[in-house]
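In: give me a model of this one.
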Amino acid sequence: RRYNGGALMKSYRSHFLAAAASICAAGASPAIAQETTTPEPAPSDSSTQKRTADYLDLTGSLGYSSNPFLGINGDSSIFARASARGVHTWLSELSSTSLSGFVEGSTYFREGYGVKSVFAVDANHTRRVNETWTVFGSVGASGDIGGQLSNRFLGVDPIIIDPSLPPPPTTPNDADLFSFSSRQYRLYGQAGASIRTSARGSVSVSGGLQRWFYTNSTLPDYTNVYGTVSYNHRLSERTSVGGSLNAVRTIYSESDDSSVVISPAVTVRTNLSESWTASGSLGVSFSSIGRGGGTHRSTNISGNGLICNSSDREQLCASVARSTNASARSSVVTTTSVSLNWAHSLDEKQKIRLSGGFTHYEEDAVTDSSLNSNYWRIAASYDRRISQRFSGGVEASVRSFLRSGPDPDKDVGGTVYVRYRLGDLG
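Out: Here you go, the predicted model:
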C-alpha cells in the first residue's frame with residue numbers, strides 16, 4: 001500500500017500529538033507502578049565538594065516493534081513516541097539527594113493498539129546527622145505494560161554516602177505479568193538509619209512498604225511489608241564484610257492468602273582498584289505460603305554478585321542474583337538472573353550503550369500448575385550530539401519470553417530519535 005508524502009507527514013504529526021498528550025495524562029494520573037530496570041553505573045568522582053546535576057531531556061522518535069506487548073500471535077506495528085526524562089541530584093559533605101522522573105507516550109499505527117504510556121519516578125535522600133548516625137529514605141512509583149520499562153535506558157543511581165547502607169528496594173519483573181495487555185502499578189517507600197558501633201563497624205536498620213496494583217481482574221493487588229537488619233565491618237580501607245537479615249510479608253487483597261520470606265545472608269564488598277568495585281552475598285531464603293487454608297514451606301539458596309568499573313569515558317556493571325519473591329498469583333517465585341550494562345563515550349559527541357539480561361523463574365509448587373519460564377533481552381543504542389542541546393541517535397532491542405505452553409513471538413524493534421536537553425549539558 002502506498003501513501004503520498006503530505007498524508008504521511010500529517011499522520012506522523014497527529015500521532016506525535018497523541019503521544020505527547022498521553023505523557024501529560026500519565027504525569028497527572030494518580031496511578032502508580034512497577035519499575036524494573038537496571039541502573040547504568042554513574043561516573044566516579046572522588047571529590048567531596050558540593051555537586052549538582054539538573055536536566056530535562058525531551059525526545060521524539062519513530063520506530064517499529066514486531067510484538068510490543070509480547071502477546072501470543074501479537075501483531076507488529078510502526079509507532080510514534082514522545083518522552084520526557086528529568087534528573088536532579090546534589091551532593092554535599094553531609095547529605096545527598098537524587099530525584100528522577102520518566103514518562104513516555106507511544107501511539108501505534110496498528111489498529112487496536114492505540115496510545116500506551118509508561119512512567120517511573122523516584123526520590124532518594126541520605127543525611128549524615130553526626131559522626132555516629134546516618135539516616136536515609138526513598139520513595140518511588142512507576143507504571144508498566146508488557147514489560148516495556150525493562151527495555152529502556154533509564155538509569156540514575158541514587159548517591160549514597162555510606163556503601164553499607166541498603167539501596168532502595170528493587171523487584172525483578174514478575175513472570176505472571178508478561179503477555180498481559182493490562183497495566184501494572186507499583187508504589188514504594190522505605191526509611192532507615194545506620195549507626196556506627198565502632199571505628200570499623202556499623203549496624204543498619206530499615207523498613208518499608210510496597211503496594212502493587214493490576215488492572216487485570218485475574219491478578220489480585222497485594223502489599224509487601226519488609227524490614228532489614230544488617231551489620232557491616234570494615235576489614236581495611238578497601239574491604240568490608242558483614243551479615244544481613246531480611247524479612248518480607250506479603251498480604252493479598254480480597255483473600256486470606258499471604259506469604260512470608262525470611263533471608264539471612266553474609267555479605268562482602270571490596271574496592272579492587274580506583275575504578276573497580278565488587279560486592280556479593282550468599283544466604284538462604286525460607287518461605288512460608290498460606291493459601292486455601294493450608295500452609296506450604298520451602299527453602300532456597302539466595303545470593304548476588306556485582307562487579308562495576310567506572311571511569312571518565314566508560315561505565316560497566318555485571319551482576320548475578322538469585323532470590324525468592326512473592327508473585328501475583330498468591331505464591332512465591334525463585335528468580336535466577338544475570339545482567340550486563342555498559343556505556344562508552346567514543347568522543348565528546350558520541351556515546352554507545354549496551355544492556356542485556358537473562359532471568360529464569362521457578363514458580364513454587366504450591367500453585368496448581370507449573371509456570372517455570374525464561375525471559376531475556378538485549379538493547380543497544382548510539383547517540384550523537386548535533387549541537388550543545390540537540391542530539392540524535394538510534395536504538396535497537398530484542399526480547400523474548402519462553403514458558404510452559406505456547407510462547408509469545410519475540411519482540412524485535414528499533415527507533416530513530418531526536419532529543420533536546422534543557423538544563424545542564426553534562
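
In: okay, CA-based contacts and neighbour counts for the rest of this
Out: Noted.

In: where in the protein is pLDDT low?
Out: Low-confidence segments of the chain, defined by pLDDT under 70: 1-50, 150-151, 153-181, 329-330, 364-371, 426.

In: tell me how far residue 349 lies from residue 342.
Out: 17 Å (Cα to Cα, to the nearest Å).

In: more neighbours, those two?
Out: Neighbours were counted for residue 349 and for residue 342 using other Cα atoms under 10 Å; residue 342 has more, 20 against 13.

In: is it true that that one touches residue 351?
Out: No - counting by Cα atoms under 8 Å, residue 351 is not a contact partner of residue 342; they are 10.7 Å apart.

In: quick one, helices of the chain?
Out: For the chain, the helices defined by DSSP state H cover 5-28.

In: list the contacts of residue 258.
Out: Residue 258 sits next to 249, 250, 251, 252, 289, 290, 291, 330 when contact means Cα atoms under 8 Å, 6 or more residues apart in numbering.

In: ok, what's across the strand from it?
Out: Beta-bridge pairing for residue 258 (DSSP bridges): residue 251, residue 290.

In: same check, this time on the one 4 residues further on
Out: When bridges are assigned using DSSP bridges, the partners listed for residue 262 are residue 247, residue 286.

In: which ones are touching it?
Out: Residue 262 makes contact with 245, 246, 247, 248, 285, 286, 287, according to Cα under 8 Å, 6+ apart.

In: could you rerun that using 10 Å?
Out: 226-228, 245-249, 284-288, 299, 324 (Cα atoms under 10 Å, 6 or more residues apart in numbering).

In: separation between the residue lying closest to residue 140 once chain neighbours are set aside and residue 217?
Out: Using Cα to Cα, 6 or more residues apart in numbering and skipping residues adjacent in sequence, the residue nearest residue 140 is residue 122, 4.0 Å away. In this structure, residue 122 and residue 217 are 27 Å apart, going by Cα to Cα.

In: between these two, point out the one with more neighbours.
Out: residue 122 (22 against 8).

In: any idea how far the more buried one is from residue 194?
Out: On the measure of Cα to Cα, residue 122 and residue 194 end up 21 Å apart.

In: quick one: the strands in the stretch 201-350 of the chain?
Out: Assigned by DSSP state E, counting those that start in this stretch, the strands in the stretch 201-350 of the chain fall at 201-214, 222-234, 239-252, 258-271, 276-291, 294-310, 314-326, 332-345, 350-363.

In: tell me the angle the longest one makes with strand 258-271.
Out: Counting by axes from the mean of the first three to the mean of the last three Cα atoms, to 10 degrees, strand 294-310 lies at 20 degrees to strand 258-271.

In: then the second one?
Out: Angle between the axes of strand 222-234 and strand 258-271 is 30 degrees (criterion: the same axes, to 10 degrees).

In: strand 222-234: partners in the sheet, and parallel or antiparallel?
Out: strand 201-214 (antiparallel), strand 239-252 (antiparallel).

In: please name the nearest non-neighbouring residue to residue 190.
Out: Of all residues not flanking residue 190 in the chain, residue 208 sits nearest, at 4.0 Å (Cα to Cα, 6+ apart).

In: okay, now that neighbour: neighbour count?
Out: Residue 208 has 20 nearby residues by other Cα under 10 Å.

In: next up, the contacts around it.
Out: So residue 208 contacts 137-139, 168-169, 188-192, 224-228, 248 (Cα under 10 Å, 6+ apart).

In: out of these, which are buried?
Out: Among those, the ones that count as buried by 16 or more other Cα atoms under 10 Å are 137-139, 168, 188-192, 224-228, 248.

In: residue 103 is in contact with residue 148, correct?
Out: No - using Cα atoms under 10 Å, residue 148 and residue 103 do not qualify as a contacting pair, with a distance of 12.0 Å.

In: quick one: which of these two has more around it?
Out: Between residue 148 and residue 103, counted using other Cα under 10 Å, the more crowded position is residue 103 (23 against 19).

In: how about the more buried one, nearest residue that isn't a chain neighbour?
Out: In space, residue 103 is closest to residue 119, 4.2 Å off (Cα to Cα, 6+ apart).

In: looking at it, residue 297 is touching residue 286, isn't it?
Out: Yes - if you go by Cα under 10 Å, residue 297 and residue 286 touch, sitting 7.5 Å apart.

In: give me the common contacts of residue 148 and residue 103.
Out: Counting by Cα under 10 Å, 6+ apart, the common neighbours of residue 148 and residue 103 are 117, 118, 119.

In: out of those residues, which one sits closest to residue 75?
Out: Nearest to residue 75, judged by Cα to Cα, of these is residue 117 at 18.3 Å.

In: appreciated, that's everything.
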